[in-house]
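*Asks:* Need a 3D model of the sequence below.
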Amino acid sequence: MKTKYILLVFAIFLGFAASNKASGQNGCEACVYPWPNMCYILNFNIPGCSGDMQAVFCYECGVTAPIIKIRVAELTYCPECDDAAWDYVYNWVKQNWDLLCGIKPCDEPPQIEFTITKPICAELIWSRTVGRIRAITHSGDCDLRCTEKWQVCIDYSGGIPVKRETLLERYPSGNGSCEYIPHGDDPDAPPEYRLDQDYWRIPCSRITRTANCIPFP
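*Replies:* Presented below is the predicted three-dimensional model:
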């Protein structure tokens, strides 16, 4: 837990494989109403972790208004890199939202309102055959997320394009709740949720021991 942060920032800029799909296609089952129904699958790795990982985003690009909404719906990760994987996904979205919906110059108001929502609670599934934990978000009793709203644009005034991002607010969202259930390589994990088991499923848990949402402003 909480390991493998070294080179994380550098890893954001490494090569990755990604694809855009519509809801209902393989890997995109989570992107259905009431969530945005466009789907983006990101395959990535982090130096020091034991293999490839995958994130699924549901997103929406505003047609009649400059709005971008992105929900982190699923994450399949190496158990020794849980915190690092969640941080990687959040930072990737923050740095690459324009790949999904485009960007507007700062001198062409209104600026884009960009919303990212990431899970605090999720269903967790371990398969020793795969060697990964899969975190799946759901609506209902396990739907607790941290949502941020940003105002974003690109500034050309200095000659070199620069992204400008202003955090407007951060708040817990969803109508669910959960406690952290120790699992994986957590020393407090009960035998049935350890990595030497072939398979286990936790219906609803905080994604990590430290998962939280600090309101802003």
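*Asks:* residue contacts, the most centrally placed residue in the chain?
*Replies:* In the chain, the centroid-proximal residue (CA atoms, centre = their mean) is Val72; its distance is 3.7 Å. Taking CB atoms under 8 Å, 6 or more residues apart in numbering as the contact definition, Val72 lies against 55-57, 89-90, 93, 116-119, 137. Using the backbone N, CA and C atoms, a C-beta is placed for each residue, glycine as well.
*Asks:* Can you give me the distance of it to Pro215?
*Replies:* Separation of Val72 from Pro215 (CB to CB, to the nearest Å): 19 Å.
*Asks:* Also Leu167?
*Replies:* Looking at Leu167 against Pro215, where the rule is CB to CB, the gap reads 12 Å.
*Asks:* Next: Pro109.
*Replies:* As it turns out, when the distance is counted by CB to CB, Pro109 lies 27 Å from Pro215.
*Asks:* same thing with Asp98?
*Replies:* The span separating Asp98 from Pro215 equals 27 Å under the rule CB to CB.
*Asks:* of those two, who's got more company?
*Replies:* With neighbours defined as other CB atoms under 10 Å, Asp98 and Pro215 compare such that Asp98 has more, 16 against 9.
*Asks:* Please settle this for me: is that one part of a helix?
*Replies:* Yes: judged by DSSP: H, G, I helix; E, B strand; the rest coil, Asp98 forms part of a helix.
*Asks:* could you give me the average pLDDT of stretch 177-192?
*Replies:* Averaging pLDDT along stretch 177-192 yields 97.
*Asks:* roughly how far is that stretch from the heart of the chain?
*Replies:* In terms of CA atoms, centre = their mean, to the nearest Å, the centre of stretch 177-192 is found 21 Å from the chain centre.
*Asks:* Span of it from start to end?
*Replies:* 23 Å (CA to CA, to the nearest Å).
*Asks:* One more: stretch 133-143?
*Replies:* Start and end residues of stretch 133-143 are separated by 19 Å (CA to CA).
*Asks:* Nearest to Gly48, out of the contacts of Val72: which one, please.
*Replies:* Checking the contacts of Val72 against Gly48 by CB to CB gives Val89 as the nearest, at 16.6 Å.
*Asks:* Around the closest one, how many other residues sit close by?
*Replies:* For Val89, the number of neighbouring residues by other CB under 10 Å comes to 21.
*Asks:* so what's it closest to, chain neighbours aside?
*Replies:* Counting by CB to CB, 6 or more residues apart in numbering, Val89 lies nearest to Ala55, which is 4.7 Å off, once chain neighbours are set aside.
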